[in-house]
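In: Starting from these lines, generate the structure:
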Amino acid sequence: MQSGFGPFGEHSINASWIAVQNVKKRNLLADLDVHIQEIPVDYQEVSQVVPALWKQKNPQLVVHVGVSGLANKITLEQQGHNAGYHRKDVKGQTPPKECCREEGEECLSAGIDMSRISEEINKAENELQAEVSHDAGRYLCDFSFYVSLSIDKSRCAFIHVPPLNQPYTEDQLGEGLALAIRAMLRQLSEQRDSNKAL
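Out: Numbers count the residues shown, from 1 in each chain. Just a heads-up that it's a prediction; the model follows:
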């Protein structure tokens with residue numbers, strides 16, 4: 001399952017949702033059952049929609065995608081944060097107590113090794129570059145990632161993409177997401193095989 005965000009602030013067209021749709025539209029993961037979902041830049045919606053999607057779809061992998069005006073590469077987030085959400089969403093709201101989960105751990109790390117995913121993208125024969133980040137920004141991106149990590153940190157990820165054409169086209173962003181998702185699924189498969197061998 002992939003999610004992208006709707007418009008907010010200066011991003012009247014959110015590159016994350018465009019990139020997610022591109023993967024589906026171009027059938028870049030044709031051998032997989034891919035569900036895509038646009039999520040509003042709204043803390044309350046994320047708090048309700050993300051857990052509901054996990055429950056309804058029981059996905060093998062959840063990949064949230066967001067846009068970052070600071071990014072110039074495909075940025076793979078390694079961890080999500082519980083607190084510090086003082087920036088207002090599109091409805092002018094912050095989450096209660098400016099956190100995801102009262103009593104939640106301050107930081108949750110993804111079970112997927114994002115440095116390995118970054119290496120795979122960087123060595124592929126294309127113009128894409130990837131990097132790993134440990135700070136998803138304390139806004140809806142970080143918030144949605146933490147919500148998913150609190151459900152199952154072994155099979156969720158967050159990817160930040162740059163705005164469209166800064167430097168990547170819609171098709172390049174779609175290809176980057178598809179590369180990342182395939183690499184993540186391989187890693188999950190290796191982990192399952194390793195656990196069976198124990």
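In: Do I have it right that Arg182 meets Ala30?
Out: No. Assessed by CB atoms under 8 Å, Arg182 is found out of contact with Ala30, at 11.7 Å. Backbone N, C-alpha and C define where each C-beta goes, glycine included.
In: show me the biggest helix of this structure in terms of residues.
Out: Criterion DSSP state H: the longest helix present in the chain is helix 170-197.
In: in this structure, which spans are helices?
Out: Assignment of helices within the chain using DSSP H yields the ranges 15-25, 43-57, 114-123, 140-152, 170-197.
In: counting contacts, what elements does the longest one pack onto?
Out: The contact analysis (3 or more CB pairs under 8 Å, 6 or more residues apart in numbering; DSSP states H and E) places helix 170-197 against helix 15-25, strand 62-67, strand 74-77, helix 114-123, strand 156-161.
In: Buried residues, it. List them.
Out: 170, 172-185, 187-188 (16 or more other CB atoms under 10 Å).
In: ditto for the fourth one
Out: With burial defined by 16+ other CB under 10 Å, the residues of helix 140-152 counted as buried are Leu140, Cys141, Asp142, Phe143, Ser144, Phe145, Tyr146, Val147, Ser148, Leu149, Ser150.
In: can you give me the mean pLDDT across it?
Out: The pLDDT scores in helix 140-152 average 98.
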